[in-house]
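In: Predicted model and sequence below, questions to follow.
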Amino acid sequence: MAPRPPKENSEERERLVNGSERKPSEFSQSRKSENLPASDLVTLVLLFSTFGAVVGAGLPMGYNNGVMNAPSDKIKEFFNESKKSRYGRYFTTDALNVYWDLTVSTYCLGAPFGCLFGSWIAKTFGRRNSLLYLNIIVVSGTLMQSCCQKLKWYEMFTTGRIINGFGNGASCVVCPMYLSEIAPKQIRGAIGLSFQISVVFGTLLASILGCQFCFGTTNGWPQLFNMLLVFALIQCVILPFCPESPRYLLIEKGNAAECERNLRRLRGSKANIVREMEEYEEENAKQKAEPRRSLLDYFIIKSLRRPLVLACAMALSQQLSGINSMAAFSASIFKSALKTQVANNDDFNNYMVVALWTTSFFVTFLAVPFVDKVGRKASHLFGLGGMSVCSLIVAFLLSNLSTQDGQDCSYGIRNIPDWANYLSVTLLFIYIIFFSLGPSSIPWLITPELFTVGTVSTAASIAGIVSWLGNFSVQMGFGLLLDLFCGWVFLLFVMFIVFFIVFLGLKLPETKGLPIAEIVALFEY
């Protein structure tokens, strides 16, 4: 028998595989850096950059989702008075409801075009600079909404909301991309979740400030929208001092020196960044060997089409779960379900909305270790499963619910006891808990993980367009469907959720803790 060749040690094999001539001591140090506890990976610069990104992206997005809820009656009054002063007649009740639904939904109509713009600006100006420039759009839309009352021009309010949707649609593409590219892979999930935490906090803040004791009054509601100017100002002060995405600098711009300098700022002066730089260089070499991709390639080439379908399915599973109908119409749902309490306190339904989003905010914080421990796929499917059960029960308990005219449904379940209304409200809170544990954040987190730096901006914009169109469909159609089907409309959401549980359960891979290059390689076979 021929003698067995000497066994290579792990360091030598690593050098041979990667073509690296690093010394064993350097390899050992890089391996140790990969096994560092999460607390050692979090630096002040990383936290500062994360906050600077989300304060002008996720926070305004959540704020715009919730700001129309509490002061809806006051804004509708303005619409009517504005139309009367300029055209000599009021809206009819049906016309006002339709125009209101359209105004709420137009935010989502501007966002898909913003997603396309976000893909271009992220490639052209970089992730950090793009977030700064997008504030120009958001500020202009905000000023139109806050100044329209003085000008008595209700169409100006709707136009401003479309412009804000465009700006936020672009930022929701760029921001998750930036967060994914500046975060160490060990805590990429936690850093990515900060985007959704800021979205939920924005919705909560809008709910609080929209109450009558704050800005939810006839003359105060325009000031409610000026908070968006504060968010933009904070970001413009902070973000210029934050580093650009190192992966973008190396792979898109070919600037290795700037990449290393920014990476060292993010990881700390004592961190060993050799292995991470090598991963960037490997990805850069692989991307240079590939041809430039056209938009059509994302639908033809299997290695691009498969992750794109999954990214779009994740986005739709979030939107078609019905969550945004709750964000936009939760005050109306509480008003119909808790008629006695609302009759005794005009602001009671708004307090319930605040309680709902306070719950979501704290549970989203709890989801940070949950997602990194359990994984993206398991967290998302677990959340969807709980939401489907809650929606199914609520569909029966609120089968006689109608929010547009306040009347009971003619074909709802009769003689439902009063305690069922309290149970349905409780289930709405449980529903938001399940949503916050996974579906609220995973779609935004996972899309940048499925693509290389060169393809992620286009893929994220396509997934963003699908997400916003789903959001628009739900917000625009929920009120109309509620009038037609009353509380039974929740059964439609149940069917969507069950479909996505089955599809994603079969097709979606787990990406927790994997380098981007390894995740991308999963779709090449």
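Out: Structure's in. What do you need? Being a predicted model, the structure only gives us computed values, none of them experimental.
In: Flag the shaky bits of this structure, pLDDT-wise.
Out: Residues of the chain that meet the criterion pLDDT under 70 lie in 1-40, 326-333, 335-337, 339-346, 400-412.
In: which stretch of helix or strand covers Tyr86?
Out: Quick fix: residue 86 is Arg, not Tyr. For Arg86, the element it lies in under DSSP states H and E is helix 72-87.
In: Now do that helix: everything it contacts.
Out: When contacts are defined by CB atoms under 8 Å, 6 or more residues apart in numbering, helix 72-87 is touched by residues 68, 89-91, 96, 99-100, 148-149, 152-154, 157, 216-218, 221, 331-332. Where you see a C-beta, it was placed from the backbone N, CA and C, and this is true even at glycine.
In: Pull out the buried residues from those residues.
Out: For the contacts of helix 72-87, a neighbour count by 16 or more other CB atoms under 10 Å gives the buried set as 68, 91, 96, 99-100, 148-149, 153-154, 157, 216, 221, 331-332.
In: Make JSON lines out of the residues you listed and add secondary structure.
Out: Shown next, in JSON lines, are the buried ones among the contacts of helix 72-87 (DSSP: H, G, I helix; E, B strand; the rest coil):
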{"residue": "Met68", "secondary structure": "coil"}
{"residue": "Phe91", "secondary structure": "coil"}
{"residue": "Leu96", "secondary structure": "helix"}
{"residue": "Tyr99", "secondary structure": "helix"}
{"residue": "Trp100", "secondary structure": "helix"}
{"residue": "Cys148", "secondary structure": "helix"}
{"residue": "Gln149", "secondary structure": "helix"}
{"residue": "Trp153", "secondary structure": "coil"}
{"residue": "Tyr154", "secondary structure": "helix"}
{"residue": "Phe157", "secondary structure": "helix"}
{"residue": "Gly216", "secondary structure": "coil"}
{"residue": "Trp221", "secondary structure": "helix"}
{"residue": "Ala331", "secondary structure": "helix"}
{"residue": "Ser332", "secondary structure": "helix"}
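In: now the residues you listed as JSON lines including distance to Ala111?
Out: As requested, the buried ones among the contacts of helix 72-87 are exported to JSON lines (distance: CB to CB, whole Å):
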{"residue": "Met68", "distance to Ala111": "15"}
{"residue": "Phe91", "distance to Ala111": "26"}
{"residue": "Leu96", "distance to Ala111": "24"}
{"residue": "Tyr99", "distance to Ala111": "20"}
{"residue": "Trp100", "distance to Ala111": "19"}
{"residue": "Cys148", "distance to Ala111": "20"}
{"residue": "Gln149", "distance to Ala111": "25"}
{"residue": "Trp153", "distance to Ala111": "23"}
{"residue": "Tyr154", "distance to Ala111": "21"}
{"residue": "Phe157", "distance to Ala111": "17"}
{"residue": "Gly216", "distance to Ala111": "25"}
{"residue": "Trp221", "distance to Ala111": "23"}
{"residue": "Ala331", "distance to Ala111": "22"}
{"residue": "Ser332", "distance to Ala111": "23"}
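In: Pick the one among these closest to Val199.
Out: Nearest to Val199, judged by CB to CB, of the buried ones among the contacts of helix 72-87 is Met68 at 15.3 Å.
In: From Phe503, how far out is Val309?
Out: Look at Val309 and Phe503: by CB to CB, to the nearest Å, they are 9 Å apart.
In: related to what we said a few turns ago, can you pull the buried residues of the helix holding Arg86?
Out: Of all the residues in helix 72-87, those buried under the rule 16+ other CB under 10 Å are 72, 74-76, 78-80, 82-83.
In: Which single one of those is nearest to Leu228?
Out: For the buried residues of helix 72-87, the nearest to Leu228 is Ile75 (15.6 Å; CB to CB).
In: Look at stretch 243-258 and report the distance between its end residues.
Out: End-to-end distance for stretch 243-258: 10 Å, by CA to CA, to the nearest Å.
In: From Cys175, how far out is Arg267?
Out: Distance from Arg267 to Cys175, by CB to CB: 21 Å.
In: Specify which residue of the two has the higher count of neighbours.
Out: Neighbours were counted for Arg267 and for Cys175 using other CB atoms under 10 Å; Cys175 has more, 29 against 21.
In: Test my guess that the more buried one contacts Phe195.
Out: Yes: counting by CB atoms under 8 Å, Phe195 is a contact partner of Cys175 at 5.8 Å.
In: can you list residues touching both of those two?
Out: The contact lists of Cys175 and Phe195 share 53-54, 57-58, where a contact means CB under 8 Å, 6+ apart.
In: Could you export those to JSON lines, including columns for secondary structure and neighbour count?
Out: Output for the shared contacts of Cys175 and Phe195, formatted as JSON lines (DSSP: H, G, I helix; E, B strand; the rest coil; neighbours: other CB atoms under 10 Å):
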{"residue": "Ala53", "secondary structure": "helix", "neighbour count": "29"}
{"residue": "Val54", "secondary structure": "helix", "neighbour count": "30"}
{"residue": "Ala57", "secondary structure": "coil", "neighbour count": "31"}
{"residue": "Gly58", "secondary structure": "helix", "neighbour count": "27"}
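In: Which pair of those spans the longest distance?
Out: Those two in the shared contacts of Cys175 and Phe195 that are separated most widely, counting by CB to CB, are Ala53 and Gly58, at 8.1 Å.
In: tell me, what's touching the two both at once?
Out: 175, 195.
In: how much space between Cys214 and Leu204?
Out: From Cys214 to Leu204 the distance is 13 Å (CB to CB).
In: which of the two has more neighbours?
Out: Leu204 (23 against 16).
In: surely the more buried one meets Ala355?
Out: No: with contact defined as CB under 8 Å, Leu204 does not count as touching Ala355 (9.8 Å).
In: from the buried residues of helix 72-87, which is closest to Arg305?
Out: For the buried residues of helix 72-87, the nearest to Arg305 is Ser72 (41.4 Å; CB to CB).
In: Can you list the residue ranges for helices in the stretch 101-250 of the chain?
Out: For the stretch 101-250 of the chain, applying DSSP state H, counting those that start in this stretch gives helices covering 127-151, 154-182, 188-209, 221-225, 227-238, 246-247.
In: now swap in the stretch 301-450 of the chain and tell me
Out: So, for the stretch 301-450 of the chain - with DSSP H, counting those that start in this stretch - the helices run 302-319, 323-337, 339-344, 348-374, 376-397, 418-437, 442-446.
In: Buried deepest among those helices, which one?
Out: The highest mean neighbour count among the helices of the stretch 301-450 of the chain, using mean count of other CB atoms under 10 Å, belongs to helix 442-446: a mean of 28.
In: From the chain's centre, how far out is it? Work that out for me.
Out: Offset of helix 442-446 from its chain centre (CA atoms, centre = their mean, to the nearest Å): 8 Å.
In: Pull the residues that contact it.
Out: Identification of contacts with helix 442-446 by CB under 8 Å, 6+ apart yields 172, 176, 180, 188-189, 192-193, 195-196, 311, 314-315, 317-318, 371, 376, 379-380, 463, 467, 511.
In: same thing but at 6 Å, please
Out: If you take CB atoms under 6 Å, 6 or more residues apart in numbering as the criterion, helix 442-446 is touched by 176, 192, 195, 314-315, 318, 376, 380.
In: Burial check on Leu47, number of neighbours?
Out: 12.
In: do you know how far it is from Phe370?
Out: 20 Å.
In: same check, this time on Arg306
Out: Arg306 is 27 Å from Phe370, by CB to CB.
In: Skip the chain neighbours and tell me the closest residue to Val489.
Out: Computed as CB to CB, 6 or more residues apart in numbering, the closest residue to Val489 that is not its neighbour in sequence is Leu481, at 4.6 Å.
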